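*Asks:* can you look at this prediction? I've put the sequence above it.
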Amino acid sequence: MTWEWVLIRKNCTGCAICVDVCPEEAVKLARDMAYPEPRAGKCTGCLICVKECPFAAIEVRKIHSYI
Ligand code: SF4
Ligand code: SF4
């Protein structure tokens, strides 16, 4: 199963809560970055970051593969 992690940038404050709560280290936010980014292939779709983001700035979608 593959998951797409999508930031709704207009809502994001860069608080980094999503980085802290992700159990898979699937989100990174380096000091020189204004917004978090996903690490490719790491997200397991647990949705913890979606629930914990105070600003509703994350969507996690299942990517369907028909190959
Ligand atoms: S928890 Fe939400 S608002 Fe905070 S950095 Fe992550 S996506 Fe942005
Ligand atoms: S859905 Fe779960 S695994 Fe994926 S980025 Fe959010 S907290 Fe991490």
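*Replies:* Thanks, I have it. Ligands and ions are numbered 1, 2, ... in the order given.
*Asks:* what's the closest non-adjacent residue to V6?
*Replies:* Counting by Cβ to Cβ, 6 or more residues apart in numbering, the nearest residue to V6 once its immediate chain neighbours are dropped is E59, at 4.4 Å. To be clear about C-beta, it is placed using only N, CA and C from the backbone, and glycine gets the same treatment.
*Asks:* and the one you found, what is it in contact with?
*Replies:* Residues in contact with E59 (Cβ atoms under 8 Å, 6 or more residues apart in numbering) are W5, V6, I8, V50.
*Asks:* can I take it that it is in a strand?
*Replies:* Yes: assigned with DSSP: H, G, I helix; E, B strand; the rest coil, E59 falls within a strand.
*Asks:* measure it to R9 for me?
*Replies:* 12 Å (Cβ to Cβ, to the nearest Å).
*Asks:* same deal with D20?
*Replies:* D20 is 19 Å from R9, by Cβ to Cβ.
*Asks:* low-confidence ranges in the chain?
*Replies:* For the chain, the stretches with pLDDT under 70 are 67.
*Asks:* can you pull the residues of it lying near ligand 2?
*Replies:* 5, 21-22, 24, 26-27, 43-49, 60 (Cβ under 6 Å from any ligand atom).
*Asks:* at 5 Å instead, please
*Replies:* Within reach of ligand 2 by Cβ under 5 Å from any ligand atom, the chain has these residues: C22, E24, A26, C43, T44, C46, L47, I48, C49, V60.
*Asks:* and E37, what are its bridge partners?
*Replies:* Beta bridges link E37 to K28 when assigned by DSSP bridges.
*Asks:* for it, what are its contacts?
*Replies:* Counting by Cβ under 8 Å, 6+ apart, E37 touches L7, V27, K28, L29.
*Asks:* before we move on, what about M1?
*Replies:* Contact partners of M1, counting by Cβ under 8 Å, 6+ apart, are T44, G45, K62.
*Asks:* switch the cut-off to 7 Å
*Replies:* G45, K62 (Cβ atoms under 7 Å, 6 or more residues apart in numbering).
*Asks:* next: K28.
*Replies:* K28 is in contact with V19, P36, E37, R39, counting by Cβ under 7 Å, 6+ apart.
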